[in-house]
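model this:
(chains A and B)
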Amino acid sequence: AQSVTQLGSHVSVSEGALVLLRCNYSSSVPPYLFWYVQYPNQGLQLLLKYTSAATLVKGINGFEAEFKKSETSFHLTKPSAHMSDAAEYFCAVSQGGKLIFGQGTELSVKP
Amino acid sequence: DAGITQSPRHKVTETGTPVTLRCHQTENHRYMYWYRQDPGHGLRLIHYSYGVKDTDKGEVSDGYSVSRSKTEDFLLTLESATSSQTSVYFCAISDPSGGMFFGPGTRLTVL
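Numbers count the residues shown, from 1 in each chain, chains lettered A, B, ... in the order given. Predicted coordinates:
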């Protein structure tokens, strides 16, 4: 069975600093991978997805993620954090048409 | 935004009572899902549907049933609500490209 591990339940960065949210997956077949963002009291919004095309995937709001098969990783990055990026972020892997989610990482942005 | 609505958005009920949550989509997508979100657990799949009258269990299906009599509607029923079912419930649909889109959520409290 596939699974997803997000390293760090809470990450805090200063405004303007690099954002790095870590995600590792386990999969016996080439996976489809996703990052979602959830703002307080809202549903989940798709940030980006990897579907075996380019290994560097660009998403909305300046986020991007790189698929590294050798490291079984799909880390999410943004060069410069903005206050509006404060939210919870979820990594997910597709399995048989379903999504298996990591436990989430809450991102705080300090002024 | 994907056309997904959930009703009710908030509900408080008592232990032992039946509860039905409704998910409605206007996208005509085949796949629909019910997830629950709890702190420290991310999102966990309860049930999903791959067509009218075609449903299957997810990882946390005990105590829940679903029905799908029309493409656009997917109902989640708690036959006899328990306090452990206090949670936020999200409905989702997936498009043919594998993207999954979520509804706004239903906050359920079982007293």
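
what's the following helix or strand after the lowest-mean-pLDDT helix or strand in chain A?
Here the helix or strand of chain A ranked lowest by mean pLDDT, DSSP states H and E is strand A:98-101, holding a mean of 88. Remark: after strand A:98-101, the chain's next helix or strand is strand A:105-110, criterion DSSP states H and E.

buried ones in that following strand, by neighbour count?
A:105, A:107, A:109 (16 or more other CB atoms under 10 Å in any protein chain shown). Heads up, the C-betas are built off the backbone N, CA and C, glycines and all.

for that strand, the distance to its chain's centre please.
Centroid separation for strand A:105-110 versus its chain: 13 Å, with CA atoms, centre = their mean, to the nearest Å.

give me the most central residue, chain B.
B:Trp34 (3.0 Å; CA atoms, centre = their mean).

hmm, who's touching the longest strand out of those in chain B?
Determined from DSSP state E, the single longest strand within chain B is strand B:42-51. Contact with strand B:42-51 is made by A:44, A:90, A:97-104, B:30-38, B:55-61, B:64-66, B:68, B:71, B:74, B:76, B:89-90, as judged by CB atoms under 8 Å, 6 or more residues apart in numbering or on different chains.

now it - C-alpha only, PDB.
The C-alpha coordinates for strand B:42-51 follow below in PDB (Å, rounded to 0.1, in the frame of the first residue of the first chain):
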ATOM      1  CA  GLY B  42      -4.900  14.500   8.000                       C
ATOM      2  CA  LEU B  43      -7.800  13.400   5.800                       C
ATOM      3  CA  ARG B  44      -9.000   9.800   5.900                       C
ATOM      4  CA  LEU B  45     -11.200   8.200   3.300                       C
ATOM      5  CA  ILE B  46     -14.600   6.900   4.500                       C
ATOM      6  CA  HIS B  47     -16.300   5.700   1.300                       C
ATOM      7  CA  TYR B  48     -16.100   6.500  -2.400                       C
ATOM      8  CA  SER B  49     -18.200   6.000  -5.400                       C
ATOM      9  CA  TYR B  50     -17.200   5.200  -9.000                       C
ATOM     10  CA  GLY B  51     -20.600   5.600 -10.500                       C
END
